[in-house]
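Novice: Here is a sequence with its predicted model. Questions after.
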Amino acid sequence: MYDNDPFSIWLGIELVDIKEGYCCLKMRVKQLMLNGFDIAHGGIAYSLCDSALAFASNSYGIKCVSIETSISHLKQIKENDEITATANEIYKGNKTAVYHVNVINQSDELVAVFKGTVYRTGKPWIEINL
C-alpha cells in the first residue's frame, strides 16, 4: 500500500512498523512545510496521522476508508523535528473501526493526538481468482 501512496512518499514518510491494527510512521519536517509563524502547518501532522490510520486500518487486507477524523495539536512542531505517529486500533467491528494516533517528536514529547473512524468495505485488497 505504501508503494502506491505518492502523497506519503512525497512527504518523506518512512514506515517504521506495521502489524494488524497497528502502524508506526516517522518523518522529518522540512522548511517548505512551515506556515507563516515558522511552525509546521497543521496539515503536516494531520497528514502523517491520516497515513498511519490508513496503513493500520488496511493491515488486515480489507479495504478501509476514513469517514471521520479529528486532531488536537498540543505543541509546536518546528523545522527539522522528527515526528513519529503511532496508530493503535481501539475498536474493530464488521463495518467500522476506530483508531487512536499519538504523534511524538524526537524528544518523546506528545505533540498531537488524532482519532479516526474508518468504514470497512469488506473487499479484499487482492482479488483471488480460482
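Specialist: Arrived safely.

Novice: Just the buried residues of stretch 98-115, please?
Specialist: 98-105, 111-115 (16 or more other CB atoms under 10 Å). In this view, the C-beta of every residue, glycine as well, is placed from N, C-alpha and C.

Novice: quick check, nearest of these to Glu79?
Specialist: Of all the buried residues of stretch 98-115, Glu79 sits closest to Asn105, with 12.0 Å by CB to CB.

Novice: helices and strands of the protein: which one bottoms out on pLDDT?
Specialist: helix 6-11 (a mean of 93; mean pLDDT, DSSP states H and E).

Novice: Enumerate every residue touching the residue nearest in space to the middle of the chain.
Specialist: Centroid-nearest residue in the chain: Ala52, 2.3 Å away (criterion: CA atoms, centre = their mean). Neighbour list for Ala52: 23-25, 85-87, 101 [criterion: CB atoms under 8 Å, 6 or more residues apart in numbering].

Novice: shaky segments in the protein?
Specialist: Residue ranges of the chain with pLDDT under 70: 127-130.

Novice: what do you get if the cut-off is 80, keeping everything else the same?
Specialist: For the chain, applying pLDDT under 80 flags the ranges 126-130.

Novice: which stretches of it form strands?
Specialist: Shown for the chain, the strands assigned by DSSP state E span residues 14-19, 22-28, 62-73, 82-92, 96-104, 110-124.

Novice: Can you report how many residues neighbour Gly122?
Specialist: Gly122 has 10 neighbours, counted by other CB atoms under 10 Å.

Novice: contacting residues around it?
Specialist: 62, 94-95.

Novice: any idea how far it is from His73?
Specialist: In this view, Gly122 and His73 are 34 Å apart by CB to CB, to the nearest Å.

Novice: What sits closest to Asn94 if chain neighbours are left out?
Specialist: Leaving aside its sequence neighbours, Asn94 sits nearest to Arg120 (CB to CB, 6 or more residues apart in numbering; 6.9 Å).
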